[in-house]
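Asks: below are the sequence and a predicted model; questions follow.
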Amino acid sequence: MGLLAAQCERGLFQEVFPAQSAEEQLLELLAPGRPPLTAYCGFDPTADSLHVGHLLPVMALLHFQRAGHNVIAVVGGATARLGDPSGRERAREPLAAERVRAQARGLRAGLERLFENHRALFWGAGGERLGQAVLLDNSGWLGRQQLLDFLGGAGGRLRMGTLLSRQSCQARLRSPEGMSLAEFLYPALQAYDFLHLHQQHGCRVQVGGADQMGNIMSGYELVTKMTGTDVFGITVPLITSTTGDKLGKTAGNAVWLNREKTSPFELYQFFVRQQDNVVEKYLKLFTFLPLEEIDHIMEMHAKEPEKWGPQKRLAAEVTKLVHGREGLESAKRCTKALYYSSMEALEAMSDQELQELFKQAPSAELLLEPGMNILDLCRKANAIPDGPSGYQKITVGGVSINGIRVTDPETVLILGQHILKNGVSLLRIGKKNYYIIKWLQL
């Protein structure tokens, strides 16, 4: 089965444009054994990290690579200065040039990590060609483009009626805020990206989210008018929350792919918590697992739903792609420590993992004094109030150390039980209040 048919079956390729020539030409161009094509996708650095909403366009590029085709990931260092109006009710806040450059570096690092993790951990096909992956920044060509040259060249080929008819444009023009010229010209600049990549790199396919179809159509129109070559657009589904909102920075529900913003544990848990009604779909979209294996996973799930097998496999595959093998192991350690009270997992955790797992938890550095007991520990950590109420908090079972409930305030602290081999104690007061204790000079 060719790439186009295979990814349409998985649901990753949602819409192909233009439909008629795609059926007649693209299907054949992407058939096994044909010369490699080049496909691209753009990512505007409106933040310094990719998020889960970006994963499906990246997955599309990776599937092109796996089929032997070449791919280009374009960081929109120029277009981010204008702001894409697609799907937005109001204009983006203007971004200063230096901020855009810094955020572009973050996006580039994230894209490089995804391509490298895929090559190292998911590509084991003996002898088959993995397509080339190139990262570019459109400020490299748009930043040098003279305004009059642009308007007289590309601007003369794009029709106002077509741009004005776009749904995103219509909605903004009817809004009280209206639409700026900068935003209106955004599709023209993205179209120019496609033209530049076609002329300089032979690119014939643009990939984007379902909300990018208007911009993709503008690119198709410009390239075909200026070169006479047939080019194509492919959209991938938008990932939404349970309330139907698009996942991303604007909606305030982004799950980031940068460890400093969303830890491997948090990413893992995001996918583990997916409901049964979407997990099969997500296995097809977010993983490289063969469809037969996904069918088997779902069959086993029907017999043993309490094991959450599909969710755990989905979470493992995505976390490994985003954070590598060590990131997945970190997520599993944190899961065991938090949800299964595993002392072994707690002892193996690094300081970084402890901070990621217990982000709001205060930490304290203490010296272990002879005869120091549980009451002393809780008071030195400022975890319980002074006086009888703090003492009673322990006796009624409201305190645990390293996942084990303690009820005798006078119990002397024991190395290997209350204090782990890595010199850490995890103190919990009540259900959710954690304190990280680091012991000095053990």
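Replies: Thanks, I have the structure now.

Asks: quick one, strands of the stretch 51-200 of the chain?
Replies: Across the stretch 51-200 of the chain, reading from the start of the chain, the strands by DSSP state E, counting those that start in this stretch fall at 70-75, 133-137.

Asks: which strands and helices sit next to the first one?
Replies: In terms of contacts (3 or more CB pairs under 8 Å, 6 or more residues apart in numbering; DSSP states H and E), strand 70-75 is packed against strand 38-43, helix 52-66, helix 97-121, strand 133-137, helix 186-201. No exception for glycine: its C-beta is placed from N, CA and C like everyone else's.

Asks: the lengthiest helix in the chain packs against which elements?
Replies: Across the chain, the longest stretch assigned as helix under DSSP state H is helix 309-339. Using 3+ CB pairs under 8 Å, 6+ apart as the contact criterion, the elements in contact with helix 309-339 are helix 97-121, helix 264-272, helix 276-286, helix 291-303, helix 343-348, helix 351-357.

Asks: output the contacting helices and strands for the shortest one.
Replies: Spelled out, that is helix 343-348. Under the contact criterion of 3+ CB pairs under 8 Å, 6+ apart, helix 343-348 touches helix 309-339, strand 424-429.

Asks: show me what secondary structure element comes after the shortest one.
Replies: The first helix or strand that comes after strand 424-429 along the chain, using DSSP states H and E, is strand 433-440.

Asks: reformat the helices and strands packed on helix 309-339 as a markdown table; add distance to Leu368, mean pLDDT and mean neighbour count.
Replies: As requested, the helices and strands packed on helix 309-339 are arranged in a markdown table below (distance: least, CB to CB, whole Å; pLDDT from 0 to 100; neighbours: other CB atoms under 10 Å):
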| stretch | distance to Leu368 | mean pLDDT | mean neighbour count |
| --- | --- | --- | --- |
| helix 97-121 | 40 | 96 | 17 |
| helix 264-272 | 29 | 96 | 21 |
| helix 276-286 | 46 | 97 | 17 |
| helix 291-303 | 47 | 97 | 13 |
| helix 343-348 | 17 | 89 | 18 |
| helix 351-357 | 18 | 89 | 17 |
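
Asks: got the ones you listed as a markdown table, with distance to Gly178 columns?
Replies: As requested, the helices and strands packed on helix 309-339 are exported to a markdown table (distance: least, CB to CB, whole Å):
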| stretch | distance to Gly178 |
| --- | --- |
| helix 97-121 | 24 |
| helix 264-272 | 37 |
| helix 276-286 | 36 |
| helix 291-303 | 47 |
| helix 343-348 | 55 |
| helix 351-357 | 43 |
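
Asks: out of the ones you listed, which comes closest to Lys421?
Replies: Closest approach to Lys421 among the helices and strands packed on helix 309-339 is made by helix 343-348 (5.0 Å; CB to CB).

Asks: give the burial count for Lys393, as a bare number.
Replies: Residue neighbour count, defined by other CB atoms under 10 Å, stands at 19 for Lys393.

Asks: my read is it is in a helix, agree?
Replies: Yes: counting by DSSP: H, G, I helix; E, B strand; the rest coil, Lys393 falls inside a helix.

Asks: from Ala96, how far out is Lys353?
Replies: I think there's a mix-up here, since residue 353 is Glu and not Lys. The span separating Glu353 from Ala96 equals 35 Å under the rule CB to CB, to the nearest Å.

Asks: okay, the helix-or-strand element of the chain with minimal mean pLDDT in CSV with CA atoms only?
Replies: Using mean pLDDT, DSSP states H and E, helix 160-165 stands out as the lowest-scoring helix or strand of the chain, at a mean of 76. Extracted as CSV, the C-alpha positions of helix 160-165 are listed here (Å, rounded to 0.1, in the frame of the first residue of the first chain):
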residue,chain,number,x,y,z
MET,A,160,-8.1,39.4,-3.7
GLY,A,161,-11.5,37.6,-4.1
THR,A,162,-10.0,34.3,-3.2
LEU,A,163,-8.2,35.7,-0.1
LEU,A,164,-11.3,37.6,1.0
SER,A,165,-13.5,34.5,0.6
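
Asks: what is that helix packed up against?
Replies: Counting contacts by 3+ CB pairs under 8 Å, 6+ apart, the secondary-structure elements packed against helix 160-165 are helix 167-174, helix 213-227.

Asks: one step back: just put the helices and strands packed on helix 343-348 in CSV and tack on mean neighbour count and mean pLDDT.
Replies: Written out in CSV, the entries for those read as follows (neighbours: other CB atoms under 10 Å; pLDDT from 0 to 100):
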stretch, mean neighbour count, mean pLDDT
helix 309-339, 20, 96
strand 424-429, 21, 94
